[in-house]
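Chemist: kindly generate the corresponding structure for this input.
(chains A and B)
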Amino acid sequence: MLTITSIHKGIVIDHIKAGMGIKIFHNLNLDKADYKVALIMNVPSKKMGKKDIIKIENEIDIDYAVLGLIDPNITVNIIEEEKITEKRNLQLPDRVVNIITCKNPRCITSVEKYVDHAFYLSNISKGEYRCLYCDEVYAVQEK
Amino acid sequence: MVREFLRENLKFSILWEWILMDECPSSASVVDEGIFLLGGEMTLKGRHLLDPSDFSLEELSEIFELADSIINDPASFSEKCKGKILATLFYEPSTRTRFSFEAAMLRLGGQVIGFSEPSSSSVAKGESIADTIRTIACYADIAVMRNPKEGAPRIASMYASIPVINAGDGGHQHPTQTLADLLTIRSVKHSLDNLTIGCCGDLKFGRTIHSLIKALGRYKNNAFVLVSPKELQVPEYILNEVLNKGQLPFKQVEKLEEVISELDILYMTRVQKERFFNEEDYIRLKDSYILDNEKMKHARPDMIVLHPLPRVNEIAYEVDDDPRAFYFQQAKFGMFVRMALILKLLGVE
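Modeler: Presented below is the predicted three-dimensional model:
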């Protein structure tokens, strides 16, 4: 059996859809982390069947917008003294900058490379964002 | 202190745009090199026009009332912009819109500088929009930009210390055409409410249509009849975010003959060759919807026909003699409304 030790202080990102853990790992730049990080894949789950989990030791300052964009159903547990002190449910952020890029070939961001790629939440129930510049729709599920 | 903080931290950042979207026009105004006075008096001076919804209905009404005054007595406005310079930054060819802006500024007594194609400017050397607009802002008091890339004028506005007017950005928005359309409708139909508007032709790439639907959807009891081939129906975001979200009555049909009798306004557009990636698609669809006297027989006697121009063959020349054809008057209203817009954005009384 695979054993991952519990963490003393840090974050546990739970309820990640199986297979998406590696994407979050890269989007949070955890491959470049100088602290302890564990990515656990395909963990049995009553609710989800299978899920991924990421444990991060000694670090709580992560980009929640990235997590919300990938999957707003993810939960984030803040750990202090080996106990969960806070459970954070994620929501789709109202605005995201430089996390997703506009795919519209006619969008000005395809030419002017210095410009921030900025999107705002246009339809919360459908999880749709729109490019600030060209209004191109970006559905969260596409990621 | 607050002003200095805003000046240093927000002027060139994306936060600036967020604040614009949140605060304007309801509770903020932009004055003095683009600094916001939150909760201040609402004014059009120093503002940008990128999207028809940038201005409130009251502000639009203010512009139309000023346009009416200009139409009634153009001579009294002939020196209002003496000493002011308008820059026209046209990154793709345009005759009508550019001439309309230039004529508007000249009729106000101002002067015009600019380029009509990027090859005759530093843009050909690879200059960014941010650098172009910051340089132009040193010479001109107000700038007008047309660019084939969608969102280009928004970027210009983020870096500009002078008002920027979007004169068409790709297939996205063309707000001053919308102002011209609204002024024409208001003048001919005496109202912008309770209308059934038929939009016919290329509704997918036709930016004038997108702006028009957004704008007329803000007035009371308007309904839309969208006539186009399936391939050129309005984009999903107009459907979802404007028509469905605003609960505006609309229907999509393919044949103009079936609905022309229901319309108060018929807005025709051409199928634009430059908006197609594939020439075969263009050839197949370009003649889909042509308005002629036969179709006009079924229209109401008080229906009006509008068109942003230039037309190719979507309105037969025989229709020009029909008293319901208003597209050339519409071009003239376009110049008057641009005169009013320039005056308002420059804060010239």
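Chemist: OK, contacts around whichever residue of the stretch 201-349 of chain B sits closest to chain A?
Modeler: Per C-beta to the nearest C-beta, residue B:237 is where the stretch 201-349 of chain B lies closest to chain A, at 5.4 Å. Yep, even glycine has a C-beta here, placed from its N, CA and C like the rest. Counting by C-beta atoms under 8 Å, 6 or more residues apart in numbering or on different chains, residue B:237 makes contact with A:122, A:130, A:135-137.
Chemist: export these to TSV and tack on neighbour count?
Modeler: Converted to TSV, the contacts of residue B:237 look like this (neighbours: other C-beta atoms under 10 Å in any protein chain shown):
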residue	neighbour count
A:122	18
A:130	20
A:135	22
A:136	22
A:137	20
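Chemist: burial of residue 81, as a residue count?
Modeler: Just so you know, I chose chain A. 7 (other C-beta atoms under 10 Å in any protein chain shown).
Chemist: that was the other one, I meant chain B.
Modeler: Other residues close to residue B:81 by other C-beta under 10 Å number 24.
Chemist: same question for residue B:297.
Modeler: Residue B:297, neighbours per other C-beta under 10 Å, totals 9.
Chemist: hang on, the earlier thing: near chain B too, which of the contacts of residue B:237?
Modeler: A:122, A:130, A:135-137 (C-beta under 8 Å from any C-beta of the partner chain).
Chemist: those residues in helices, which ones?
Modeler: Cross-referencing the ones next to chain B among the contacts of residue B:237 against helices under DSSP state H gives no overlap.
Chemist: now residue B:211: phi and psi?
Modeler: phi -70, psi -40 (degrees, to the nearest 10).
Chemist: ok, residue B:136 next?
Modeler: Torsion angles, degrees, to the nearest 10, at residue B:136: phi -60, psi -40.
Chemist: contacting residues for it?
Modeler: B:87, B:89, B:143, B:162.
Chemist: in which helix or strand does whichever residue of chain A sits closest to chain B reside?
Modeler: For chain A, the residue closest to chain B is residue A:133, as judged by C-beta to the nearest C-beta, at 2.4 Å. Here residue A:133 sits in a region with no helix or strand, counting by DSSP states H and E.
Chemist: out of the helices and strands in chain A, which is least certain?
Modeler: Across the helices and strands of chain A, mean pLDDT, DSSP states H and E gives its lowest value to helix A:64-70, namely a mean of 80.
Chemist: what's the spacing between that one and its chain's center?
Modeler: Mean-position distance between helix A:64-70 and its chain equals 4 Å (C-alpha atoms, centre = their mean, to the nearest Å).
Chemist: now swap in stretch B:70-89 and tell me
Modeler: 19 Å.
Chemist: so for it, mean pLDDT?
Modeler: Confidence over stretch B:70-89, taken as the mean pLDDT, stands at 97.
Chemist: ends of it, how far apart?
Modeler: 26 Å (C-alpha to C-alpha, to the nearest Å).
Chemist: now the residue nearest the centre of chain A: how far from residue A:7?
Modeler: Central residue of chain A (C-alpha atoms, centre = their mean): residue A:67, 1.8 Å from the mean position. Remark: distance between residue A:67 and residue A:7 (C-beta to C-beta, to the nearest Å) = 18 Å.
Chemist: just residue B:53 next, same as before
Modeler: Using C-beta to C-beta, which is the criterion applied here, residue B:53 is 49 Å from residue A:7.
Chemist: ok, for residue B:216, nearest residue in space, not its chain neighbours?
Modeler: Spatial nearest neighbour of residue B:216, excluding adjacent residues (C-beta to C-beta, 6 or more residues apart in numbering or on different chains): residue B:222 at 5.0 Å.
Chemist: wait, residue B:250 sits on residue B:227?
Modeler: No. Residue B:250 is not in contact with residue B:227 according to C-beta atoms under 8 Å; the separation is 11.2 Å.
Chemist: among the contacts of residue B:136, which are in strands?
Modeler: B:87, B:89, B:143 (DSSP state E).
Chemist: where do the strands sit along the chain?
Modeler: Assuming you mean chain A. With DSSP E as the criterion, chain A has strands spanning A:10-17, A:37-45, A:49-57, A:75-80, A:83-89, A:95-97, A:118-123, A:128-131, A:137-139.
Chemist: my question was about chain B
Modeler: So, for chain B - with DSSP E - the strands run B:28-31, B:35-38, B:85-90, B:111-115, B:142-147, B:164-169, B:196-200, B:223-227, B:250-253, B:265-268, B:304-306.
Chemist: near chain A, which residues of the stretch 101-250 of chain B are found?
Modeler: Near chain A, when you scan the stretch 101-250 of chain B using C-beta under 8 Å from any C-beta, you find B:128-130, B:147-152, B:154-155, B:169-172, B:236-237, B:240-241.
Chemist: now which of those residues would you call buried?
Modeler: The neighbour count (16 or more other C-beta atoms under 10 Å in any protein chain shown) marks B:128-130, B:147-152, B:154-155, B:169-172, B:237, B:240-241 as buried among those.
Chemist: out of those residues, list just those in helices.
Modeler: B:129-130, B:152, B:154-155, B:237.
Chemist: show me the two of these that sit farthest apart.
Modeler: B:130 and B:237 (26.1 Å; C-beta to C-beta).
Chemist: just the closest of the contacts of residue B:237 to residue B:134, please.
Modeler: Distances from residue B:134 to those, taken by C-beta to C-beta, are shortest for residue A:135, at 25.4 Å.
Chemist: thank you kindly, that will do.
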